[in-house]
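> predicted model follows, preceded by the sequence.
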Amino acid sequence: MTIFRNYNKAEVSVRNLYKKMYTQQTYGKKIVVKRLITYTKELTLDEAIQYLNQIIDESDPDVDFEQIYHGYQTSETIRNKYFKDNKLCTDISIKSLFNDDEWKLLPEEQKQLYNTTIDKLYSSIKDWNWLILIGLIHDLGKVLILKEFYNLEQHFAVGDIYPLGCSFHKSNIYYNEKWHTHNIDFYNRDYNKELGVYKKNCGFDNIEMTFSHDYYLSNVLDKSTTNLPTEALYIIKYHSFYCWHSPRNNIRGYEYLASEHDWKMLPLLKLFQKTDLYSKDLELPNIKKIKKYYNNLINKYIPNKLLF
């Protein structure tokens with residue numbers, strides 16, 4: 001059985017990337033980098049996707065092939081696992097998305113909320129095919145590292161995300177390395193407390209997360225004209241927030257910052273994570289065979305040019 005996200009056996013390059021991220025991503029620097037992003041480069045989605053051929057994610061301990069293949073692997077897994085006759089399956093139990101120990105540690109009110117299926121919890125969503133397209137494009141924000149875009153170092157574009165402006169939670173990977181203690185924010189009295197500069201249960205949308213491809217792509221889509229629902233943008237914005245949606249040792253990070261909305265959206269992140277992570281395979285998809293299907297999805301949900 002393949003073990004994913006095994007950071008104990010990760011390449012030195014993976015460790016080095018997280019060391020840079022934990023020591024150099026600060027609350028103040030996030031604000032600076034945000035101001036550098038202009039969102040003025042116009043591209044169709046298909047044009048933008050081709051840039052994924054140039055990107056290999058240095059934070060990924062599992063695979064080292066171009067990101068375009070991972071996008072298609074994820075989307076095809078979503079299509080084959082969760083859809084039948086072009087519609088979302090109606091038997092996706094939310095409880096099944098959690099392991100037993102993780103489920104036991106959930107607050108009782110969340111267990112009651114989650115005691116249903118995906119389609120019923122999000123009953124306002126009638127058309128789910130956008131979820132397949134999100135699988136394809138979820139890592140498109142990694143174009144940040146290319147010279148044709150913003151030429152950022154990878155530790156400002158890839159890897160797990162986490163809140164800045166508050167204490168670093170022990171559920172983050174490599175916590176025991178204590179790299180975060182070499183970050184200047186660690187010694188800032190405003191930032192080194194549990195809540196930091198935030199209020200309890202303020203919601204993730206009111207928090208400065210590390211700058212990442214998640215944040216960037218969600219902004220690209222938000223600033224552009226698309227036919228995607230808000231749930232799609234939420235998945236993109238937080239799919240790398242692993243210490244929240246897929247905690248190590250079942251210790252969920254930053255619960256005290258989560259709002260009711262974040263708790264309601266958690267099953268969607270869990271659903272997506274099952275395909276994002278477990279679709280990684282050395283057998284790469286034949287893009288030519290499935291390209292027409294995805295062109296139709298693009299024309300339906302993102303027919304206009306995007307602002308990168």
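Sure thing, it's come through. Numbers count the residues shown, from 1 in each chain.
> roughly how far apart are residue 92 and residue 275?
When distance is defined by CB to CB, to the nearest Å, residue 92 is 12 Å away from residue 275. In this view, the C-beta of every residue, glycine as well, is placed from N, C-alpha and C.
> ok, residue 94 next?
To residue 275, residue 94 is 15 Å away according to CB to CB.
> then residue 112?
Relative to residue 275, residue 112 is positioned 26 Å away (CB to CB).
> between those two, point out the one with more neighbours.
residue 275 (22 against 10; other CB atoms under 10 Å).
> quick one: that one from residue 74, how far?
5 Å.
> I'd guessed residue 300 sits against residue 129; true?
Yes. Contact criterion CB atoms under 8 Å: residue 300 and residue 129 qualify, at 7.4 Å.
> tell me which of the two has more neighbours.
residue 129 (16 against 13).
> and the more buried one, what is it in contact with?
For residue 129, the contacting residues are 83, 86, 297, 300, 301, by CB atoms under 8 Å, 6 or more residues apart in numbering.
> 7 Å - rerun?
Contact partners of residue 129, counting by CB atoms under 7 Å, 6 or more residues apart in numbering, are 86, 297.
> distance check, the closest residue to residue 298 other than its chain neighbours against residue 296.
Among residues not flanking residue 298 along the chain, residue 45 sits closest, at 5.1 Å (CB to CB, 6 or more residues apart in numbering). Remark: distance between residue 45 and residue 296 (CB to CB) = 12 Å.
> more neighbours, the two?
Each of residue 45 and residue 296 has its neighbours counted (other CB under 10 Å); residue 45 has more, 24 against 12.
> low-confidence ranges, the chain, go.
Within the chain, the stretches with pLDDT under 70 are 1-10, 61-65, 277-283.
> okay, helices next: where are they in it?
12-24, 27-36, 45-50, 67-82, 100-104, 108-113, 118-121, 130-137, 213-223, 230-238, 242-245, 260-278, 287-301 (DSSP state H).
> for the spatially most central residue of the chain, give me phi and psi.
The chain has residue 239 as the residue nearest its centroid, 2.0 Å off, counting by CA atoms, centre = their mean. Dihedral angles of residue 239 (phi, psi; degrees, to the nearest 10) stand at phi -70, psi -20.
> isn't it right up against residue 271?
No. Assessed by CB atoms under 7 Å, residue 239 is found out of contact with residue 271, at 10.7 Å.
> distance of residue 264 from residue 92?
16 Å.
> residue 111 now?
17 Å.
> of the two, who's got more company?
Between residue 111 and residue 92, counted using other CB under 10 Å, the more crowded position is residue 92 (18 against 14).
> for the closest residue to the more buried one other than its chain neighbours, the count of nearby residues, please.
The shortest distance from residue 92 to any non-neighbouring residue, by CB to CB, 6+ apart, is to residue 118 (4.3 Å). Residue 118 has 25 neighbours, counted by other CB under 10 Å.
> would you confirm that residue 118 contacts residue 94?
Yes. Look at residue 118 against residue 94 with CB under 7 Å: they come within range, at 6.2 Å.
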